[in-house]
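>>> Fold the following for me, if possible:
(one chain, ligands or ions: 2)
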Amino acid sequence: MDLTLCLTHACNLRCGYCYAGPKFPRQMEWETARKAIGFALEHTAEQARLTGREAKCQLGFFGGEPLMEWDTLRRATDHALALAETTGVRLVLTVTTNMTLLDAPKAGWLRERGFHVGLSLDGNAAMHDTLRRTAGGAPSHARCAPALEFFKGPEATGEVIVVLDPENISFLADSFEWLVERDIRRVSFNPNHTAYWSDAALAEWRAQYTRVAEIYVDTYRRGTPWHINVFDGKIRVRINGGYRPCDRCGFGETEVAVSAAGWFYPCERLVGDDTDTALRIGHVDSGFDAAARGRILASRGNTVAECATCPARDRCANWCGCVNYAATGFINRVPGLVCFHEKLCIDTADRAASILFEERNPAFLAKYYGRLLQDEWPEAAPMVTNDVS
Ligand code: SF4
Ligand code: SF4
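Ligands and ions are numbered 1, 2, ... in the order given. This next block holds a predicted model:
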């Protein structure tokens, strides 16, 4: 079971698109963290015994800004590592941070423990400062970007998370280039699904992805392939013939998030200000609430009728419960913006991958095929143009 601890509702930034809810000073007590870790590791070990699968737990730290609770993060990490050892669980550690408090000693401490670090930075100053501002409205790029230094190069364990919004989308390709110049090799694009995207903004998004794909293809031609979540994922899914059950997130089943006050949620993106009781599935003091969890698990998936016959359905992530809920109010109803973006990602990734496959690009073939080099690039399903709304 994967566990995310939302260590605090406080943050030293006030990003315009923040989905973590209002900011207020409530921090996770050590006892809450200790109980949550014990619950998740015991559950993981028990499930492994029952199913014969590997006992693996991804422990993530989230907020607000989790580095504001550095002492709790350190104590929880070392406790979890010790407990994982005794319970025979393989622990994977992650943290998502806005980088404002990330200095060399902290980066070194995280690196020593093998953390995968999610770096919330929207790219160059023009893009980042559009929406990532302090409580007083000041730009934050100059405070965040220096920590990139600790995560550059092929072996880096950090991934820059870029939030795409109608207000900043026109800076995207320049921002990606800026990150490439700084040797930041792993980049995630994370759309703001709750924003209003006008037709002009959607057209701009399409144009920016085309430019990003050109830069992405060039990184392969130079022999240093970059990772972009939305392109790499769609290429892999094409090679695999569609999403597999293990590609889908664990949403309340094999994944749980814990609020600072100890409530269980199916995903950290749904914790917000910790007041939506319809989304709670238990508490660290009492374990899972079977009825509430059952309701959430039963409502997963996607019930939009058009999707059943869509040619892109096997490569479409229309089942993300937290995105669906945030945008439509229903866990099982995919929003039109996801439909637009999924098609855009598939289309853009296929064009980039086809170029690299035709060129027999060694970095591309090694990354996606390894020793299983095939002669044929798998047929793609034709794209459709109708968006669901
Ligand atoms: S840094 Fe993260 S938690 Fe803080 S305001 Fe920005 S998006 Fe929200
Ligand atoms: S691309 Fe759109 S219509 Fe097709 S499966 Fe995805 S959400 Fe449904």
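
>>> Where does the stretch 1-150 of the chain get nearest to ligand 2, which residue?
With C-beta to the nearest ligand atom, the shortest gap between the stretch 1-150 of the chain and ligand 2 falls at Tyr19, namely 20.5 Å. Any C-beta I mention is one placed from the backbone N, CA and C, and that applies to glycine too.

>>> what's that residue sitting at in phi/psi?
Main-chain dihedrals, Tyr19, degrees, to the nearest 10: phi -100, psi 10.

>>> how about the helices of the stretch 251-389 of the chain, start to end?
Applying DSSP state H, counting those that start in this stretch to the stretch 251-389 of the chain gives helices spanning 290-298, 321-328, 336-358, 362-368.

>>> helices or strands next to the first one in the packing?
Going back to what we said before, that points to helix 290-298. Where contact means 3 or more C-beta pairs under 8 Å, 6 or more residues apart in numbering; DSSP states H and E, helix 290-298 is not packed against any helix or strand.

>>> And the average pLDDT for that helix is what?
Mean pLDDT, helix 290-298: 96.

>>> do the third one as well
Averaged across helix 336-358, pLDDT comes to 96.

>>> Show me how far that helix is from its chain's centre.
The chain centroid and the centroid of helix 336-358 are separated by 19 Å under C-alpha atoms, centre = their mean, to the nearest Å.

>>> which other residues reach that helix?
Applying C-beta atoms under 8 Å, 6 or more residues apart in numbering, the contact partners of helix 336-358 are 191, 193, 197, 202, 205-206, 209-210, 212-213, 216-217, 220, 230-235, 238, 312, 315-318, 320, 323-324, 327, 364-365, 368, 377, 380, 383-384, 387-389.

>>> Sitting in strands, which of those do you find?
Pro191 (DSSP state E).

>>> So which of the contacts of helix 336-358 would count as near ligand 1 as well?
Among the contacts of helix 336-358, no residue is within reach of ligand 1 (C-beta under 6 Å from any ligand atom).

>>> Cys316 versus Glu306, what's the distance?
Going from Glu306 to Cys316 by C-beta to C-beta, to the nearest Å gives 11 Å.

>>> Look at those two and report which has more neighbours.
Using other C-beta atoms under 10 Å, the more surrounded residue of Glu306 and Cys316 is Cys316, with 23 against 14.

>>> where does the residue nearest to the residue of the stretch 1-150 of the chain closest to ligand 2 when sequence neighbours are not counted land on pLDDT?
Setting aside the residues directly before and after it, Tyr19 is nearest to Arg269 in space (C-beta to C-beta, 6 or more residues apart in numbering), at 6.0 Å. Arg269 carries a pLDDT score of 93 in this model.

>>> for Gly301, same thing?
85.

>>> Quick check: residues of this structure near ligand 2?
So far as C-beta under 6 Å from any ligand atom goes, the chain lies against ligand 2 at 304, 306-307, 310, 312-313, 316, 318, 334, 338-339, 342-343, 388.
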